[in-house]
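Visitor: Fold the following, please.
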Amino acid sequence: MDKTWHIASRELAAFFNTWMGYVIVAAALVIDGLLFNAFAVGNEPKLSAEVLADFFYFASGMSMVAGIFLAMRLMAEEKQNGTIALLYSSPVSERQVIYGKFLSALLFSMILQVASLYMPGLVMVHGKISVGHIAAGYLCLTLLGATTISLTLFVSTLAPNQLVAAVGGAFGTVILLTLWMLAKVVDQPFKDIFGWLSIHNDHFTPFSNGIVNLKDLMFYVGLVVFFLECATRALAGRRCQG
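Guide: A predicted model of the protein is given here:
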């Protein structure tokens, strides 16, 4: 655990030591703010709970995009900088490396979520919403970000550079994101399978409305662990090859 946290703290510091981390935060907050004002608040009267649900809907997109940009460099950058050999020869396990790097990106993603709290705060000041609704929505934003980070980290472990990792992570995310559309045009049992595998829609909607279902929570956690274990196996295979 100490080695995992050491890797996580080192990678987290790297986000603050380069321009990339600040650009991701600034861009995400600006776009979230514009979408919040244009679509969540809008020009037509809405219930406060509806405004908050719409905010989480649009913020979910930025959470996933930020996750891709945060995770694309985690392993691919090691290859580009030629430091991957040092990583292979270090006295840490593949799982410690992968989970440490994942934890760093997740923590940075959570910092971004905290920075956007002023928007639900405005809804709370001018309307009536529950803290539970806000907590449930942000829990889902964190889970969506974690899912995207773990997927892109897996791709980054296989990719030769950050660009390929970003494209691969985005492609995989889009597939998982749009499976619910495919579920509408296929017959059983694929209809239920594709609908269940989609990371948005059915699993996301309850959270955005302030409802936390254990099955949806376990879905996201299971998906994160799956991709992290895939990344661990991929790193182990490359480490054996030298």
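
Visitor: Give the full set of residues in contact with the most centrally placed residue in the chain.
Guide: Closest residue to the average C-alpha location of the chain: G145 at 1.5 Å, with CA atoms, centre = their mean. Applying CB atoms under 8 Å, 6 or more residues apart in numbering, we find G145 in contact with 63-64, 66-67, 106, 109-110, 113. C-betas here are computed from N, CA, C, even on glycine.

Visitor: how about the helix or strand hosting A27: buried residues?
Guide: A27 belongs to helix 19-35 when assigned by DSSP states H and E. Within helix 19-35, the residues that count as buried by 16 or more other CB atoms under 10 Å are 20-21, 24-25, 28-29, 31-32, 35.

Visitor: And stretch 234-242, by the same measure?
Guide: 234-236, 238.

Visitor: Out of those, the closest to M1 would be?
Guide: Nearest to M1, judged by CB to CB, of these is L235 at 18.5 Å.

Visitor: got a list of what the closest one touches?
Guide: L235 is in contact with 75, 94, 97-98, 157, counting by CB under 8 Å, 6+ apart.

Visitor: Run through the neighbouring helices and strands of the lowest-mean-pLDDT helix or strand in the chain.
Guide: Sorting the helices and strands of the chain by mean pLDDT, DSSP states H and E puts helix 84-89 at the bottom, at a mean of 83. Where contact means 3 or more CB pairs under 8 Å, 6 or more residues apart in numbering; DSSP states H and E, helix 84-89 is packed against helix 73-81.

Visitor: List the buried residues in the helix or strand containing R239.
Guide: Element membership for R239, per DSSP H and E: helix 214-241. Neighbour-count burial for helix 214-241 flags 216-217, 219-220, 223-224, 227-228, 230-232, 234-236, 238 (criterion: 16+ other CB under 10 Å).

Visitor: Give me the distance from it to the chain's centre.
Guide: 14 Å (CA atoms, centre = their mean, to the nearest Å).

Visitor: what's the answer for stretch 154-167, then?
Guide: How far stretch 154-167 lies from its chain's middle: 16 Å, per CA atoms, centre = their mean.
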